[in-house]
Structure formats: C-alpha cells, structure tokens
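> Here you go, sequence then predicted model.
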Amino acid sequence: MHPFLYALFQFAFFYPMVMAFFWMSGGLYYFFRRERKARDRSDPPPMAAYPFASILIPCHNEADNLADTLGAALRQNYPDFEVIAINDGSSDDTGPRLDAMAALHPRLRVVHLDRNLGKANALRMGALAARSEYLVCIDGDAMLEEYATHWMVWHLTSGPRVGAVTGNPRIRNRSTLLGRLQVAEFSSIIGMIKRAQRVYGRIFTISGVIAGFRRTALHRIGYWADDMVTEDIDISWRLQLDHWDIRYEPNALCFILMPETLSGLWRQRLRWAQGGVEVLLRHGRSLFDWRKRRMWGVLLEYILSVLWAYTMLAIIVLWALGKFIALPPDLYIATLLPQWHGVVLALVCLLQFASSLIIDRRYETHIGRNYFWVIWYPMAYWLISLFTTLVAFPKTLFKRRGKRAVWVSPDRGIR
C-alpha cells in the first residue's frame, strides 16, 4: 500500500476511536467528580437570594406546541420569574393563542414582531424586553422540567464571570428507529462531549434549545448574530473569546422534539455543520492570539473532524476510481466494507454507550432499553457527520455574506 494511502487509512480509523476514548474519559471524570454524589435533581442547591429570572421563548408557527411549552415554563418551581414569548412573524394562529394565554397567566408577556426575522433577532428582542439580568432561553417546542430554571440561575449567580450555562436536552419522540438512535446519541455522544469539553477547558456550543445567559455578557458582545445559521454555536464562541465562562448543567432537563425522517435529520445536521464552518471562518483567525489559547483545543477538535471527513472522501474517490480505471496496485482499494477495524470501532462504540449508561441513569431510568439500537449508531452518526461536513463546507464558503438567517420550520418527528 502506498504510504500516503496508508496514512489516510490510519487517520480514518484512529480518529473516531481516539475521540471516543477522549470523550469517555472526560465524561466519566466529570460524572465521578461532580455528579455521582450530587444533589437530587428535584432538590437543587439553595441560594442566598433568588433573583428575578426571565424565560425567553421565540416562536414561529408554534401553535401546536404552545400549550405544552408554555405550560411547562409557567410551572417552574422557582420563586420569581416571568415568561416572555416572542411571536416572530408567525403565519399560523400562534399570535392569537399567545394573547389568549397571556390573558390567563400574569407571568406571561407576549412580544409580537410583524415579520419573520429569524431566531437570533427574536431572542435579542426578548432580551431587551426582559426585566431580569438572568435569561433562560428555550425553543418554542421544548418543555422545561420543573426545576430547570432553578439549576440554570444557580449557575449564573455562582460567579461574576459565568456568562452562560447550557442544559441537558432529552428526546421526547421515540416512535421510530431514528428517534431511538437519537436517544442514544444525546446520551452517549452529545452529553458526554459537553462533559468532556467542560473538563478539558471550553465548550464548542451551548444547546440552543435550552441555555441560560447573563444579560451583561450578551450586551458586551452585541447579543446574537442574525446572519449565522446556528446562532447558538456563534454565541458560545463569542462569549468564550470575550473570556466568559460557560457551564454545563445536566440537571437542567428540557424535553425536545427531533426529526424522525431521514430528510428532516439531514436538514438539521446540515444546518449544524454549516454553523460549525461559519464559526470557523469568522472566528478561526482571531484564535491565534495567545490570550485565547484555551479555545485551541475546541478549534483543533473541529479542524480534525473536517479533515476526517475529507480523508474519508479521498478514500471513497480512490475506491470508486479503481472500479473504472486501472490504478497503480498500491493505490487500489478493494472494498469499503468494514473488516477487523470495523469490528474494533463497533466495540468501542458499544463501550462508549455502556459508559453513558453509568452517567445517564440519573436522568433517564430506562436508557438501557435503547442499547440494542446503538448497534446501528456508528453507521448513522458517522455517515451523516461525513456527508453533512462535505456539503456544508463549500455551501458555506459560497454563501452570500450578511444574509439574514430566518426561521425555517423544522421536522419535529412523526405525530
């Protein structure tokens, strides 16, 4: 085998395996140090004072979800809070329903925007309308658990440099194989990555579906950018580049709807991949400043993921060319089907999910039921990550600069 091709295969094989052990070690360290003997979720730490908090809920065509989302927000077990729903140019009856609910609930305030200007702009309007320094932001289809606001505000008040805290999203809809796969993914990948990144230094992104912010920190950096397709990734990087701390709180649960069709999952993950590329292009160069060195690990992790995607593309192209033209023997790839290395990666994946069972049993008592479905997880997760990265990079490079990112109603699963 040609040395260059050998290097490609080595990187393609070892990168996901090394990252899995990197995430497992960091996630388990976080768990045993901070979670194993922590307080019960329904018994959050007491605070010397309970400052007023604002829950912001941007809504665009969310009429079907308002009762669940606002009902859960209004039932928060926290002494003093308001709920602000921002109707961002909805074309359904979201606006009238919000007004009707506001008439029944004194804590609920409604802000109406006359046209669709995007989630970032809706959040900015909500933040400006809020009466609190502490903002808890959730999506219009998300359901906060009863004590989530308490856990988020507790972090924000624990230190003057805490600029944001990200919560723990959990999947509500699990009627298909894709839904069950995502239960496993949010447990064994997303939650574990956030724990590991928190241990190693910086978090790549808060969960946009549930995040808490200090308004002073948002004001310093100019609030959310309305030309980024994933405002949550961008705000995470800008806060940390301004030396604000971002926390992760697994006890702040939020139940969300996720795509259960391949097309819906593809659109969602492509948007996530575009967001990562946009942040890299916008902020990557500024990270070479020594004062921002704590972001280097997050940057390196992302760059390696992009290189892995293009390494896999090179391998696939060489394999395809070998079917049509006569390549030199040392460049010929006989098959792409997993062999012994595929078995090793599958075992590592199962080990990673087993580690997540240790961590996540506090938050999901029946998580072990999804262990069987994780057999399919490596193919689903890595293939989607591969192709969305390959598509997102050129798509983002040729995107018109300054274009506002407006709402596009997502796939929320099979009803």
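That came in fine, so what should we check first?

> OK, contacts around D141?
Going by CB atoms under 8 Å, 6 or more residues apart in numbering, D141 touches E62, N65, D68, T69, I256, L257, R412. (Glycine included, C-beta is placed from N, CA and C.)

> sorry, that was for H60
So H60 contacts N87, D88, G89, S90, T94, N116, K119, A122, G140, W407, S409 (CB under 8 Å, 6+ apart).

> Following element in sequence after the helix ranked longest in the chain, please.
Looking across the chain with DSSP state H, the single longest helix is helix 3-30. As assigned by DSSP states H and E, the chain's next helix or strand after helix 3-30 is strand 53-59.

> Other residues contacting that following strand?
The contact list for strand 53-59 (CB under 8 Å, 6+ apart) reads 66, 69-70, 73, 76, 78, 80-88, 90, 94, 98, 119, 122-123, 126-127, 130-132, 134-140, 144, 149, 152-153.

> helices and strands of the chain: which one has the lowest mean pLDDT?
helix 177-185 (a mean of 75; mean pLDDT, DSSP states H and E).

> Which elements pack onto that one?
Judged by 3 or more CB pairs under 8 Å, 6 or more residues apart in numbering; DSSP states H and E, the packing partners of helix 177-185 are strand 162-171, helix 377-397.

> Name the residues of it that are buried.
The neighbour-count check on helix 177-185 (16 or more other CB atoms under 10 Å) flags L178, G179, R180, L181, Q182, V183, A184, E185 as buried.

> Over to stretch 339-359?
L345, A346, V348, C349, L350, Q352, F353, S355, S356, I359.

> hang on, the earlier thing: quick check: angle from the helix or strand following the least confident helix or strand of the chain to helix 3-30?
Remark: after helix 177-185, the chain's next helix or strand is helix 192-200, criterion DSSP H and E. Relative orientation of helix 192-200 versus helix 3-30 (axes from the mean of the first three to the mean of the last three CA atoms, to 10 degrees): 80 degrees.

> right, and the helix or strand after helix 192-200?
Heading C-terminal from helix 192-200 (DSSP H and E), you reach strand 210-214.

> quick one on the thing from earlier: and the angle for the longest helix of the chain with helix 377-397?
110 degrees.

> Helix 3-30 - contacts with which helices or strands?
So helix 3-30, by 3+ CB pairs under 8 Å, 6+ apart, packs with helix 192-200, helix 296-321, helix 340-360.

> out of those, nearest to P46?
The closest of the helices and strands packed on helix 3-30 to P46 is helix 192-200. By CB to CB, the value is 23.3 Å.

> what's the straight distance from one end of stretch 232-248 to the other?
Using CA to CA, to the nearest Å, one end of stretch 232-248 lies 14 Å from the other.

> for stretch 130-137, that is, sorry about that
Using CA to CA, one end of stretch 130-137 lies 11 Å from the other.

> picking up where we left off before, just the mean pLDDT for the longest helix of the chain, thanks.
Regarding helix 3-30, the rounded mean pLDDT is 87.

> quick one on the thing from earlier: can you tell me which of the buried residues of stretch 339-359 is closest to R161?
Among the buried residues of stretch 339-359, and counting by CB to CB, the member closest to R161 is I359, at 26.9 Å.

> for the closest one, what are its contacts?
Counting by CB under 8 Å, 6+ apart, I359 touches G27, L28, F31, E35, S187, G191, M192, R195.

> Check which helix or strand the residue lying closest to M228 once chain neighbours are set aside maps to.
Spatial nearest neighbour of M228, chain neighbours left out: D234 (4.3 Å); criterion: CB to CB, 6 or more residues apart in numbering. Following DSSP H and E, one finds D234 within helix 231-241.

> Can you tell me the strand partners of the helix or strand just after that helix and which way each runs?
Next in sequence after helix 231-241, counting helices and strands by DSSP H and E, comes strand 245-256. Its sheet considered, strand 245-256 pairs with strand 143-144 (antiparallel), strand 162-171 (parallel) by DSSP bridges.

> now, which of the contacts of H60 lie within helices?
Reading helices off these with DSSP H, I get T94, K119, A122.

> Isn't the last one up against A85?
No - counting by CB atoms under 8 Å, A85 is not a contact partner of A122; they are 9.7 Å apart.

> Need the contacts of I359 in TSV (columns: distance to V279).
Listed next are these as TSV, based on distance: CB to CB, whole Å:
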residue	distance to V279
G27	23
L28	28
F31	28
E35	29
S187	25
G191	21
M192	21
R195	21
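
> Columns distance to L262 and neighbour count on top of these, output as CSV?
Formatted as CSV, the contacts of I359 follow (distance: CB to CB, whole Å; neighbours: other CB atoms under 10 Å):
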residue, distance to L262, neighbour count
G27, 28, 28
L28, 32, 19
F31, 33, 21
E35, 34, 16
S187, 21, 25
G191, 24, 25
M192, 25, 27
R195, 29, 24
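
> Out of those, flag the one nearest to L313.
Scanning these for proximity to L313, where the rule is CB to CB, the winner is M192, at 26.7 Å.

> rewinding a little: out of the helices and strands packed on helix 177-185, which one sits most buried?
strand 162-171 (a mean of 24; mean count of other CB atoms under 10 Å).

> That one - what's its average pLDDT?
Averaging pLDDT along strand 162-171 gives 93.

> now swap in stretch 250-266 and tell me
87.

> List the buried residues in that stretch.
Going by neighbour count (16+ other CB under 10 Å), the buried part of stretch 250-266 is 250-260, 264-266.

> ok so, going back, out of the contacts of D141, who's the most crowded?
E62 (26 neighbours; other CB atoms under 10 Å).
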